[in-house]
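> Return atomic coordinates for the entry below.
(2 chains)
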2 protein chains.
Amino acid sequence: MTLRYALSPAVTRTSAPCIPQAKAWGATYAAGPQAAGPLLDLSQGVPGEPPHDTVLSALSKVAGKPAAAQYGPILGEPSMRAALATELRYQYNLSDGDLKAEDVGITTGCNMAFLILLMCLCPPNESSILLPLPSYFNHAMSLSLQSVTPAYLPCDPTQNFGPSLEAAREILSSPTTTQKPRAIVLVTPNNPTGSTYSPEVLAEWLSLAREHAIPLVLDETYRDFASTGAPHDLFQDPQWRDSLITLGSFSKGYRIPGHRLGSITAHPDVLKQVATVADCMQICPPRAPQLALAPLLPSLREDMVRYAGALRKRLVDFDAAVGSVPGWRVLSSGGFYAYVEFPEAYTSDSGKKAVAAALGKEVSRVGSRDVGHALATRCGVLTLPGCFFMPELDDRIWESVRGGDAMHEDRWIRFAVANVSDDTIAGVADRLRALNSVMGM
Amino acid sequence: MTLRYALSPAVTRTSAPCIPQAKAWGATYAAGPQAAGPLLDLSQGVPGEPPHDTVLSALSKVAGKPAAAQYGPILGEPSMRAALATELRYQYNLSDGDLKAEDVGITTGCNMAFLILLMCLCPPNESSILLPLPSYFNHAMSLSLQSVTPAYLPCDPTQNFGPSLEAAREILSSPTTTQKPRAIVLVTPNNPTGSTYSPEVLAEWLSLAREHAIPLVLDETYRDFASTGAPHDLFQDPQWRDSLITLGSFSKGYRIPGHRLGSITAHPDVLKQVATVADCMQICPPRAPQLALAPLLPSLREDMVRYAGALRKRLVDFDAAVGSVPGWRVLSSGGFYAYVEFPEAYTSDSGKKAVAAALGKEVSRVGSRDVGHALATRCGVLTLPGCFFMPELDDRIWESVRGGDAMHEDRWIRFAVANVSDDTIAGVADRLRALNSVMGM
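As a prediction, the model looks like this:
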C-alpha cells in the first residue's frame, strides 16, 4: 500500500539506526552451517554483568508501589537529583557549593539528554556543532534530524584519537562559516574509540569554548570507567556553569540500560529550558528506577570501582589477545570499547576476492562494513564497523577531516568489550584468526 | 552568574511547562491561614486509582530481573507490540489482518509519540499542522520547539467543542498558505474539553485529510474512557494505513503514568522513520513495564471497563454538583476532564476588585488565569485555567479562530475529574461556592 502523505526530508535523509543492521548480520551466522560456536555479541555497548543485587531488589520493591506509578517532576525526583549531585561531588572531589541538586536534571537516557540539549542550543538550518570524527552515530543522527550541521574535528589515530584543537580554532575563527557554531561536543571516554582525554586537554577545550562564547558539552556516559581519580578538574572552576555542560548515563556504571536514566549537568537557567523540552518529550523520567536508585548510590561506589577495574583489566587482556593475531591491532581503548584496525592485506586484490566469496556479492573496495559483515557471518563475532561512526563517508568529508592521510582509511572496527566475559576474550582472538584464514592470510 | 552562551530562540520563545505553574498556586494555599480543608488537586490529568494489583505485582516481579535491565528493541518489545495490537483489534472490532504488531510502535509516553511524529512529518520553518483550539498545551509547545506553525481550528463551545470542518477545508484549500499543512491532529476524547467525536465525524475528517494527501493524526490517549463500543470505524477501512495515524497511552487506562509508555499506530513504512527518531530519543522504551504488562492486557479489560464506567458516572455527578453552584456550568466533559465556565459576574468591575483583593495584585481584566489562581490560593482547588490551552491569547488569534464571538472569552477552566474520589466531588462544589462568596456573589 502506498503512503498518501509526505515525510520530512530531515528524517528520510537521516541514517537508519545501525545497531539493528549489525544485529541482522548475526542472524545470518546463526542460520548458517559454518557456526563453530555461539555468536559473540560485541556490537551495542552494554554491560555484560547484571546490576548489583541491591539494585535489583530495590527496583523490584519500588516498581510494585502505587506511588511509583504516578507522574513525577519533569527533571526528575528531588531525591535522585540530590543523590546524583552527591556522587558527582564525590567523583570530582568537589565541595557542597560546587555542584548542587539544582545543577542536575534527569532524563530518560543519555541520548535524550543530548537531543534535548541540541534543541536548547541550536536553531535548525543555521547552526553547527563541533564534534570529533569518528563520531557517536546517534549524535550525528540527531544533528541531521534537527538540521544542524556537523563541523567535524579530525582525530589522529596515531595520537590516541585526540581531536584537533587546531582544527577547532580554525573553524571557530573562520569568517567564512555560514552555519554559526553553537557548541563543542566531546565524548570522553570516547565512543567509539575509547580514547580518554586528560584533565589538561579538557581544560584547553573549555578555554576555547569560553573564548568563543559557546558551551563545551562533555558526554561522560563512560566516566565511571575512566582511570582512577577525577576525570577532569573543570568543575573546580567556580565559573563552570557559564560554559560547561555535562551529560551522564546510568546505563553503564549502574548497569541498567533498560531502565532508561540519563542526566544533564548545567546552569540552572539552562535546565529551565531543558525542562520545557523535556516536558514535551518525557513529561517525567521513569519514576520507579529513580526512586529505587537514589538512596543506593553511595553504597554502590565500591562495586562500581570493582567493575571499572575489571573492565580495564579486560581491555588490557583484549589488547594482548588481538595483538597476537597477525595483522590486527588495537589503536585505542577505554570505557566499554576497543577500536581495532584490521589487516591491510584485507584491502589487497586477493583480499577483495576473499571478502566477495565470503559475502557472496561483488565488493569494489574492502572497507569496515564488509569486514564487520564477514566477521559476523563467517566467524560469529558481532561488532560495529568504523564506517558507522563516519556519518558521511565520502572523499570530501575525509579530505576535510584527515590530518594528512591518517584517516583516509576505512579499516577500523569497534569492539564493545564490556559486553562479554573475560573468558570470551581469548575466543574472540580465535575467531579473528579464523577470519584471517577465510581471507587467505 | 551570567551564561556565556546563547540558547535557541525556538526554546526560549516556547511557553514554560504549565503544570508546575498551577502546582505553585497550590503551595500558596497550603501555606496560608485560610486553609479550610486539604488541597484538592484537579490539575494534571492523572488516574486517581492505583494500578490493578496484578499490574503492580507483575511490575515488581519483572523489574527485579536482570533481563529487564538490558536494552530492548527500539520500537518496543515484540510481545508488547503484539499484545497492544490484540487489544486494538478487540477494542475496534477488527480481524487479524486489519491491524498487526508491525503497525504498532511503543514510545516512552504519548507526548514522545507526538513529538516523534512531528519530527517525522514536518520540516521546520515551512510546515503547519491543523489542530483544534482549545489545544493540548504540550502539542502547542512541541510545534513551537520544532518551528512548525499551528493552524488553529475553532471549536464551538455551544456545539460540544467540535472542531470546524469548514475552517479546515478553507485552510487546506487556501492558495495563500505559505506554511504547507502537513497533518490534521485531533484529540478524542479531547484534552482539555473532554469532547468525544463521533465515528461519523471522524470519518469525515479522515476523508478530508486523504483528499489533501496529509495524514489524520488521532491522539487517543483517553480512548479507553470513550462511551462503550468502538470509538470509531476508521480501522475498518482496509486502506487506513495510507492516511491514518493514531497515538495511545498506557498512563490512563492502565493507570501507570510514572512508568512512561505510549504508542504510535501507523503504516510500517512510517514506523521505520519513527524508529530513526526514537533511536535518538529513547533507544528503547523502558523495558520492565513492557515485559510486565504485555501478558496481562487481555486480563485487564474488565477492570478497565469498570474504571471507565466509574469515571463516566463521576463526570455526571460532577456536572450535577457544579450545576448546583450559581453561575458555574460544565460546557463539555469526557475522558478525564470536565471543561467548566465560571460565572460571568466575575468579569464585572466588582468581580475585578474582588479578584484583585484575593490575589493581592492589580488585575486589568479577569480571565481564567486569575480565577484559577484565586480558586487555588483561596479555596484549595487546583485546576488548569483555559488560557493554558489557548497558546497565543491575543486578539489576532482569537479573531482568526472564533466563530463569531463564541470563543472571545477567557472564562474556561479544566477540571481533571479522574484525579479525585467520588466523595471529593461534592467538596469541589462547596469550594466553588466559597469562591463565589470571595467574589461577592
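> which stretches of chain A aren't confidently modelled?
Residues of chain A that meet the criterion pLDDT under 70 lie in A:31-35, A:175-177, A:228, A:392-408.
> Strands of the stretch 101-250 of chain A, residue ranges please.
According to DSSP state E, counting those that start in this stretch, the stretch 101-250 of chain A carries its strands in the segments A:104-107, A:127-133, A:149-156, A:162-163, A:180-187, A:216-219, A:244-249.
> Those into JSON lines, with extra columns for distance to residue A:205 and mean neighbour count?
Every C-beta, even on glycine, is put in place using the N, C-alpha and C of the backbone. What follows is the strands of the stretch 101-250 of chain A, written out as JSON lines (distance: least, Cβ to Cβ, whole Å; neighbours: other Cβ atoms under 10 Å in any protein chain shown):
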{"stretch": "strand A:104-107", "distance to residue A:205": "22", "mean neighbour count": "27"}
{"stretch": "strand A:127-133", "distance to residue A:205": "10", "mean neighbour count": "24"}
{"stretch": "strand A:149-156", "distance to residue A:205": "10", "mean neighbour count": "21"}
{"stretch": "strand A:162-163", "distance to residue A:205": "8", "mean neighbour count": "25"}
{"stretch": "strand A:180-187", "distance to residue A:205": "6", "mean neighbour count": "23"}
{"stretch": "strand A:216-219", "distance to residue A:205": "5", "mean neighbour count": "26"}
{"stretch": "strand A:244-249", "distance to residue A:205": "10", "mean neighbour count": "25"}
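> Format these as a markdown table; extra columns: distance to chain B.
A markdown table is the format used below for those (distance: least, Cβ to the nearest Cβ, whole Å):
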| stretch | distance to chain B |
| --- | --- |
| strand A:104-107 | 10 |
| strand A:127-133 | 8 |
| strand A:149-156 | 14 |
| strand A:162-163 | 19 |
| strand A:180-187 | 7 |
| strand A:216-219 | 9 |
| strand A:244-249 | 9 |
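> and of these, who's closest to residue B:27?
strand A:104-107 (20.9 Å; Cβ to Cβ).
> Give me the contact list for that closest one.
A:75-77, A:80-81, A:84-85, A:88, A:113, A:116, A:261-266, A:271, A:274-275, A:278, A:282, A:285, A:290 (Cβ atoms under 8 Å, 6 or more residues apart in numbering or on different chains).
> try stretch A:315-335
Residues contacting stretch A:315-335 (Cβ under 8 Å, 6+ apart): A:157, A:160-161, A:189-191, A:193-196, A:221-222, A:225-226, A:252, A:311, A:338-346, A:412, A:415, A:417-418, A:422, A:425-426, A:428-429, A:432-433, A:436, A:441.
> Quick check: the closest residue to residue A:251 other than its chain neighbours vs residue B:343, distance?
The shortest distance from residue A:251 to any non-neighbouring residue, by Cβ to Cβ, 6 or more residues apart in numbering or on different chains, is to residue A:257 (3.6 Å). Here residue A:257 is placed at a distance of 54 Å from residue B:343 (Cβ to Cβ, to the nearest Å).
> surely residue A:28 meets residue A:378?
No: between residue A:28 and residue A:378 there is no contact under Cβ atoms under 8 Å: 9.4 Å.
> Now do the strands in the stretch 301-441 of chain A.
A:329-334, A:337-341, A:381-382, A:384-385, A:412-416.
> In JSON lines: these, plus mean neighbour count.
As requested, those are exported to JSON lines (neighbours: other Cβ atoms under 10 Å in any protein chain shown):
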{"stretch": "strand A:329-334", "mean neighbour count": "21"}
{"stretch": "strand A:337-341", "mean neighbour count": "24"}
{"stretch": "strand A:381-382", "mean neighbour count": "26"}
{"stretch": "strand A:384-385", "mean neighbour count": "28"}
{"stretch": "strand A:412-416", "mean neighbour count": "27"}
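> What segments of the stretch 201-350 of chain A are helices?
A:268-281, A:287-293, A:301-323, A:349-359 (DSSP state H, counting those that start in this stretch).
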